[in-house]
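*Asks:* Got a predicted structure plus its sequence, pasted below:
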Amino acid sequence: MKNLFLLNDALNFIEDHLKEDFSQADIAAHCCCSLSSLQKLFSYSFHIGVADYVTRRRLTCCARELVQSDKSILDLALDWGYGSPEALTRAFARFWGEPPAAFRKNRKFTAMFPKFESIDEKTGGRIMRKYDVTELYDVLSRARGTYMLAFDIQGLLPINEISRKAGDIAIRESLRRIEDAAGEEMLFFRIGGDEFALATNLTDEKAVDELAQKVTGRNGEPIEWEGQKIPLSLYAAKLKIEDRSIRYSELYSTIDSALQNAKY
């Protein structure tokens, strides 16, 4: 249980200081643990290093600010700890697959890498690799009578076994397929390593089915990694937001269950 509180302290410290200059040692000192313990705990719990996690969170939040403000690339670079627009552009393109200027013009979804949420109450304190779904919960609480679509990448693990970079490409392409199909007012969230949720605002079940088909109709289209073509497909499940209170603790498991049923 001590490790769970340590992880939460580390995640919250990172979130509170994303725009500041801090080191892994600073995080460890805040959590009153050794640097090696912090690094091992991150690697064991999340399968990602501390520095990589911080970089991904910064570039995710930077992308959000990019599309929601008119700040220059220079200002964004300085705000997010990059010494020049060129440095930010290189890092941004590696993470998002396109430079900031193109992203600002073409994209609106920015939650590529939401904050990790380390504790799942239903597992008796066992560490789970999940994302914070607070914003999705708030949206669905105001969307009674509408449908949500959930998506899950088919076979992301085998793609990751080819290369983690290939897995990142698969996630980016999945995001693009869903975003390309979504309406302008729809809100889109990443809720797990390979799971996504789209709050459609639609009440017509047929329209929801047609929307899902726009995404799954592209199943089998490949991504490319180092000259290798890898087929990419997604499962889809629809859930109606009923006129009753939505429990935050049940949201992730409800979505996950619907996706599991959609696979058969």
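*Replies:* Yep, that arrived. Residues are numbered from 1 along each chain as shown.

*Asks:* could you show me where the helices are in the stretch 151-264 of the chain, in order?
*Replies:* Listed in chain order, the helices of the stretch 151-264 of the chain (DSSP state H, counting those that start in this stretch) span 156-162, 164-181, 205-216, 248-262.

*Asks:* and Ile48, which of these is closest to it?
*Replies:* With Cβ to Cβ as the measure, helix 164-181 is the member of those nearest Ile48 (9.3 Å). Yep, even glycine has a C-beta here, placed from its N, CA and C like the rest.

*Asks:* Ser43 touches Gly49, doesn't it?
*Replies:* Yes. Using Cβ atoms under 8 Å, Ser43 makes contact with Gly49 at a distance of 6.4 Å.

*Asks:* how about JSON lines for the helices of the stretch 151-264 of the chain, with mean neighbour count and mean pLDDT added?
*Replies:* Shown next, in JSON lines, are the helices of the stretch 151-264 of the chain (neighbours: other Cβ atoms under 10 Å; pLDDT from 0 to 100):
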{"stretch": "helix 156-162", "mean neighbour count": "15", "mean pLDDT": "91"}
{"stretch": "helix 164-181", "mean neighbour count": "19", "mean pLDDT": "93"}
{"stretch": "helix 205-216", "mean neighbour count": "16", "mean pLDDT": "96"}
{"stretch": "helix 248-262", "mean neighbour count": "16", "mean pLDDT": "80"}
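
*Asks:* could these be laid out in JSON lines, adding distance to Phe5?
*Replies:* Output for the helices of the stretch 151-264 of the chain, formatted as JSON lines (distance: least, Cβ to Cβ, whole Å):
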{"stretch": "helix 156-162", "distance to Phe5": "29"}
{"stretch": "helix 164-181", "distance to Phe5": "29"}
{"stretch": "helix 205-216", "distance to Phe5": "39"}
{"stretch": "helix 248-262", "distance to Phe5": "19"}
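
*Asks:* out of those, nearest to Ile191?
*Replies:* Closest among the helices of the stretch 151-264 of the chain, using Cβ to Cβ: helix 248-262, at 6.5 Å.

*Asks:* Tell me which helix or strand comes right after the helix or strand bottoming out on mean pLDDT in the chain.
*Replies:* Ranked by mean pLDDT, DSSP states H and E, the helix or strand of the chain with the weakest confidence is strand 127-131, at a mean of 59. Using DSSP states H and E, the helix or strand that directly follows strand 127-131 along the chain is helix 134-141.

*Asks:* Name the spans of this protein whose pLDDT lies under the cut-off.
*Replies:* Scanning the chain for pLDDT under 70 picks out 1, 118-130, 243-245, 263-264.

*Asks:* and Arg56, how many neighbours?
*Replies:* 16 (other Cβ atoms under 10 Å).

*Asks:* go on, Leu35?
*Replies:* Leu35: 15 surrounding residues under other Cβ under 10 Å.

*Asks:* Many thanks, have a good one.
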